[in-house]
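In: have a look at this prediction, sequence included:
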Amino acid sequence: MIRDIRVEGVQRTEPGTVFSYLPVRVGDRITDEKASEAVKALFATGFYRDVRLEAEGDVLVVQIEERPAIASVDVSGAKEFDKDTLKKVLREQGLGESRIFDRAILERAEQELKRQYLARGRYAVRVTSTVTPLERNRVGIAIAIEEGETARITAIRFVGNKAFDTKRLLGEMNLSTPTWFTWYSKADQYAREKLAGDLETLRSFYLDRGYLEFNVESTQVSISPDKQGVEITIGVNEGEQFRVSEVRFGGELLGRQAEFEPLVQLKPGDVFSGSKLTESTKRISDKLGTLGYAFANVNAVPQIDRSRREVSFDILVDPGRRVYVRRIDIAGNVRTRDEVIRREFRQYEDAWYDADKIRLSRERLERLGYFTDVRIENRPVADAPDQVDLNVILTERPTGNISLGIGVSSTEKLILSGSIVQPNFLGTGKSVALQVNTSRLSRSVVISQTDPYFTPDGVSRSFDLYMRGFNADELRLGDYRTRSTGLGLRFGVPYTEYDRVSFGMTYERNDVKLGALAPRRYTEFVDEFGTSSTALLAVLGWNRDSRDSAINPTRGRLQNAGLEVTLPAAELRYWRATYTHQWYYPMTRDFTLALNGDLGFGRGFGGMAYPLFKNFYVGGIGSVRGYYPSSIGPREVETLVGGGTQEVPLGGVTRIVGNAELLFPLPGTGRDRTIRSFVFVDAGTVLAEGQSFSAGDLRYSAGIGLTWLSPIGPLKLSVGYPIRKQAGDRTQRFQFQIGTGF
């Protein structure tokens, strides 16, 4: 019988830890079976390298040898993966600081590291571990990684393809053999994940072309002896191409089969398309969602006739129970008030569930710009199958911004800017801003305040106080300077979810300073109105925005129309109208066609001339690229100091501009929408007062460009080539600017 138990050999662990795992106690009788059980129990903890039991009379002595603790884990040589990420993964596998060292765990970690590198195509990787004993029964682990070069794809072959040749199939894959651009895109570097993604792309490609029974039979990856080259052989079984013979509806149709039928994109006689079938069932499910059936199931069951190579579908509709929204819960808005969020909702509590209204509510929240992420989740209500709660999960972003910046433009050179902007002042949704910008060409100071919900039904109110200066001499546009100072009040009234009309008044003072060689038209204007003049403007505007994104749109339209008319009390008498229309159409998943039209008209009335400083200008990155900014249109010959002459652009009272862009991802960037390439064609001109339009007045250009949402603002680069350039036209092929629009 055991009278006492003594533990020897512990250094880090407490004797109590040994006693807690020991299956024998004082007073027990020790046997060979119990001794064996005790040793196994202590070994199973993983804390000890050796365990021995000895008897000294009626005292049980437990002799243990502890495993060393890990003092540090150092990883060197890793470039393919982030070092901190690797250390985190190793710790999750049990290889971390303060953990018990186990060589079996270290070996498993080495194999896992190799597996990760092999999946990235680095077959020459070597992982070497060094274990260094330290004082107090500790060890330091150093893992050295020699990554080697990523294996390059030397050949991709297909076996079994008959309907489409190898070249066509390779065009669907991201992986490729080396080309002139793969040094950047890395498409010739083999990775298991990339190949798996390409195989799924091939399946979708065949399914969308009627090959319902397509299958990838085999995939062989052969590695060269030097582990630097990879050959891929893909065996496919295309099967037969199927056409749709019939589409039938079944299940509970709610008497709305006539509404569901137009939503089906596949018609009898069409070649089967997997994506069209998926889109059809989604449209029907979405339609049911607008009717209050939040948990509807729509499934398409195929019936294959191989002898006729036809397939029919039974679209089975299970709407479930119609539900209404019991409650809308909002989470994540630490700063923004609940009322600012709820007033954007078009789905109301205690109303029938409507998927369209929920989608519209999410879009309106995203357009606020206050949140980096907006999610709306359905949560069934327990014991109430006809009710659902909406969880609105928001991730706020800091909206306030105090900045001092330096920008560069190919035209204006150095641009200095500073701003204090708070679009969500104190979480109320109101906007307050002070902005200052200065460059060679222009200078502006703007103070503005906007209340988007001045009234509960969404009427907005805005105040603007501004000063804008223009130094034409800096860009050889004439020896004169202008400055406009104004104060404006506007109201905006929404009358649809996408449309808003605005109206207001602006008081403006305009000052003109002429140099010794000012253009004749400006000297005539000053002779008539003086160097200072005022205008009281009535302002009317209309805006429609149905784009899917304000920053990187792929579909939808943006239209703006504005009219300014001076009131009789003003010294100047004129009207000025503008209209812009941007249209985005997704041609494919990656290519977007963007069209832009820009019209402007200005005229004087009451027997007075139209003010020249309100003229329209064309040329440059905002209108017709490839031409010097503001250089297209009527010109006047100006005498230079020291002799000689130059032609100075005067602008005009009519502006006509059209742009077409084809936008697509920059090769090698995948689907990163923060950076996109484009090709463009521009046309435009300005007309002087009394000048009739002629197609010969238009200037054309074409070229390529790049847009990038850089950390310092939207950046747009373009290389334009003028077409039908006329005598006296000034060109500038490379142009760039930060903070551009279309």
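Out: Noted; the coordinates are in hand. Numbers count the residues shown, from 1 in each chain.

In: got the end-to-end distance for stretch 225-239?
Out: Using C-alpha to C-alpha, to the nearest Å, the end-to-end distance of stretch 225-239 comes to 36 Å.

In: from the chain's centre, how far out is that stretch? Work that out for me.
Out: Distance, stretch centre to chain centre, for stretch 225-239: 34 Å (C-alpha atoms, centre = their mean, to the nearest Å).

In: which parts of it are buried?
Out: 229, 230, 231, 232, 234, 236, 238, 239 (16 or more other C-beta atoms under 10 Å). For glycine as for every other residue, the C-beta is placed from the backbone atoms N, C-alpha and C.

In: now stretch 36-56
Out: 38, 39, 42, 47, 48, 51, 53.

In: repeat for stretch 724-733
Out: So, applying 16+ other C-beta under 10 Å, buried residues of stretch 724-733: 729, 730, 732.

In: swap in stretch 101-118?
Out: Quick answer for stretch 101-118 (16+ other C-beta under 10 Å): 101, 102, 105, 106, 109, 110, 113, 114, 117.

In: out of those residues, which is nearest to residue 488?
Out: residue 117 (62.4 Å; C-beta to C-beta).

In: dump the residue contacts of the closest one.
Out: Contacts here follow C-beta atoms under 8 Å, 6 or more residues apart in numbering; on that basis residue 117 touches 80, 125, 145, 147.

In: could you identify the most distant pair in the buried residues of stretch 36-56?
Out: 47 and 53 (16.2 Å).

In: that older thread, and the contacts of residue 117, which of them are in strands?
Out: residue 145 (DSSP state E).

In: all strands of the stretch 151-300 of the chain, in order?
Out: 152-159, 215-223, 229-237, 243-251, 297-305 (DSSP state E, counting those that start in this stretch).

In: tilt between the shortest one and strand 229-237?
Out: An angle of 20 degrees separates the directions of strand 152-159 and strand 229-237 when computed by axes from the mean of the first three to the mean of the last three C-alpha atoms, to 10 degrees.

In: identify each buried residue in strand 152-159, please.
Out: 152, 153, 154, 156, 158.

In: tell me the contacts of the second one?
Out: Residues counted as contacts of residue 153 (C-beta under 8 Å, 6+ apart) are 175, 176, 177, 178, 188, 189, 190, 229, 230, 231, 232.

In: beta-bridge partners for it, please?
Out: Here residue 153 shows beta-bridge partners residue 230, assigned using DSSP bridges.

In: ok so, going back, sort the buried residues of strand 152-159 by pLDDT and name the bottom one.
Out: Lowest in pLDDT among the buried residues of strand 152-159 is residue 152, which has 86.

In: just put the strands of the stretch 151-300 of the chain in JSON lines and tack on distance to residue 527.
Out: Conversion of those to JSON lines gives the following (distance: least, C-beta to C-beta, whole Å):
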{"stretch": "strand 152-159", "distance to residue 527": "75"}
{"stretch": "strand 215-223", "distance to residue 527": "82"}
{"stretch": "strand 229-237", "distance to residue 527": "79"}
{"stretch": "strand 243-251", "distance to residue 527": "77"}
{"stretch": "strand 297-305", "distance to residue 527": "75"}
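
In: and residue 680, which of these is closest to it?
Out: strand 152-159 (34.3 Å).

In: how distant is stretch 565-579 from the center of its chain?
Out: Worked out by C-alpha atoms, centre = their mean, stretch 565-579 lies 41 Å from the chain centre.

In: so how far is the first residue of it from its last?
Out: End-to-end for stretch 565-579, by C-alpha to C-alpha: 15 Å.

In: got the buried residues for that stretch?
Out: Per 16+ other C-beta under 10 Å, stretch 565-579 contains these buried residues: 565, 566, 570, 571, 572, 573, 574, 575, 576, 578.

In: just to revisit the earlier point, just the buried residues of stretch 724-733 now: which is nearest residue 703?
Out: Out of the buried residues of stretch 724-733, the member with the shortest distance to residue 703 (by C-beta to C-beta) is residue 732, at 11.6 Å.

In: so that closest one sits right up against residue 624, yeah?
Out: No: using C-beta atoms under 8 Å, residue 732 is not in contact with residue 624; the gap is 10.9 Å.

In: would you list every one of the helices in this protein?
Out: With DSSP state H as the criterion, the chain has helices at 15-21, 32-44, 83-92, 103-119, 166-170, 182-185, 192-207, 257-260, 274-290, 338-342, 355-368, 520-529.

In: quick one: buried ones out of the contacts of residue 117?
Out: Counted by 16+ other C-beta under 10 Å, the contacts of residue 117 give 125, 145, 147 as buried.

In: same list (those) but as TSV, adding distance to residue 344 and pLDDT.
Out: Shown next, in TSV, are the buried ones among the contacts of residue 117 (distance: C-beta to C-beta, whole Å; pLDDT from 0 to 100):
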residue	distance to residue 344	pLDDT
125	52	86
145	51	90
147	50	84
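
In: ok, residue 113 touching residue 143?
Out: Yes: assessed by C-beta under 8 Å, residue 113 is found in contact with residue 143 at 7.4 Å.

In: got any residues that touch both of the two?
Out: With C-beta under 8 Å, 6+ apart, residue 113 and residue 143 have common neighbours residue 127.

In: spatially nearest residue to residue 343 (excluding sequence neighbours)?
Out: residue 453 (6.1 Å; C-beta to C-beta, 6 or more residues apart in numbering).

In: any idea of the mean pLDDT for stretch 65-77?
Out: 85.

In: now that stretch, how far from the centre of its chain.
Out: Relative to its chain's centre, stretch 65-77 lies at 42 Å (C-alpha atoms, centre = their mean).

In: distance of residue 221 from residue 234?
Out: Residue 221 sits 10 Å away from residue 234 when distances are taken as C-beta to C-beta, to the nearest Å.
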